[in-house]
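K.L.:
quick one: sequence plus predicted model below, questions after.
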Amino acid sequence: MVDHVSYYNGIASGYDSLHKEEQLKKFQIVDDSGIIISSDNLLDVGCGTGFSLNYFKVKSATGIDPADKLVEQYFGSQKILVGPAEELPFEDNSFDVVVSFTAIQNFDDVRKGLSEIKRVGKNRFALTILKGVSFFDEIESTLRDVFSDDAFSIEKIEEDKDYIFIIRAKF
């Protein structure tokens, strides 16, 4: 098993140079989808250095990432915490929208992490999964199971390196 936290802590000082440009493309696609609105309380799970917290124009943004050295790189006024996706320290339905960019494949327990994302979110989610990960089909199947078709509509958008899932509760 890969120790993702150690890996990301090891590259923390250069993380934005390595990944910011590709992440910004995904942010734009999500922004263009209309899933995020200015009155939202947003949570980014696996937020890395937290530059998404400054990108999306929302009422408030919170980030959480298990790699403390990445979190230490954050410059901004939003709230950012160290912690795993599988144990989100928030009440049920705390966030209008929950996003996670290219982090799900790094969760120790994908089902538990996705279930936590669903638990703390109200009804809108934007989640991206790295295309090249060897167990992509298993992750997508788990995502579709957690966000069942009975309760949610799921739009799958292909991007250069990821698939973006725009998930909305059916009303």
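P.N.:
Structure received.
K.L.:
centre of the chain to the biggest helix by length in the chain, how far?
P.N.:
Longest helix of the chain, by residue count under DSSP state H: helix 15-33. Mean-position distance between helix 15-33 and its chain equals 12 Å (Cα atoms, centre = their mean, to the nearest Å).
K.L.:
and that helix, what does it pack against?
P.N.:
helix 51-55, strand 121-130, strand 152-158, strand 162-169 (3 or more Cβ pairs under 8 Å, 6 or more residues apart in numbering; DSSP states H and E). Where C-beta positions appear, they are placed from N, C-alpha and C, glycine not excepted.
K.L.:
pull out the buried residues from the third one.
P.N.:
Going back to what we said before, that points to strand 152-158. 152, 154, 157 (16 or more other Cβ atoms under 10 Å).
K.L.:
what's the spatially closest residue to G121 that is not a sequence neighbour in contact with, if anything?
P.N.:
Excluding the flanking residues, the one nearest G121 by Cβ to Cβ, 6 or more residues apart in numbering is V98, at 3.9 Å. With contact set as Cβ atoms under 8 Å, 6 or more residues apart in numbering, V98 has these partners: 42-45, 117, 120-121, 124-126.
K.L.:
packed most tightly, which of the helices and strands packed on helix 15-33 would that be?
P.N.:
Highest mean neighbour count of the helices and strands packed on helix 15-33: strand 121-130, a mean of 22 (counted as mean count of other Cβ atoms under 10 Å).
K.L.:
what is the helix or strand just after that strand packed up against?
P.N.:
Downstream of strand 121-130, the next assigned helix or strand under DSSP states H and E is helix 136-146. With contacts taken as 3+ Cβ pairs under 8 Å, 6+ apart, helix 136-146 sits against helix 110-120, strand 121-130, strand 162-169.
K.L.:
hang on, the earlier thing: now tabulate the buried residues of strand 152-158 in a markdown table and tack on pLDDT.
P.N.:
Listed next are the buried residues of strand 152-158 as a markdown table, based on pLDDT from 0 to 100:
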| residue | pLDDT |
| --- | --- |
| F152 | 95 |
| I154 | 96 |
| I157 | 97 |
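K.L.:
and which of the residues you listed is nearest to E138?
P.N.:
The nearest member of these to E138, counting by Cβ to Cβ, is I154 at 16.2 Å.
K.L.:
sorry, back to before: could you look up the SS state of the residue nearest to G121?
P.N.:
Secondary structure, DSSP: H, G, I helix; E, B strand; the rest coil: V98 is strand.
K.L.:
measure it to F136 for me?
P.N.:
Computed as Cβ to Cβ, to the nearest Å, the V98 to F136 distance reads 21 Å.
K.L.:
many thanks, we can stop here.
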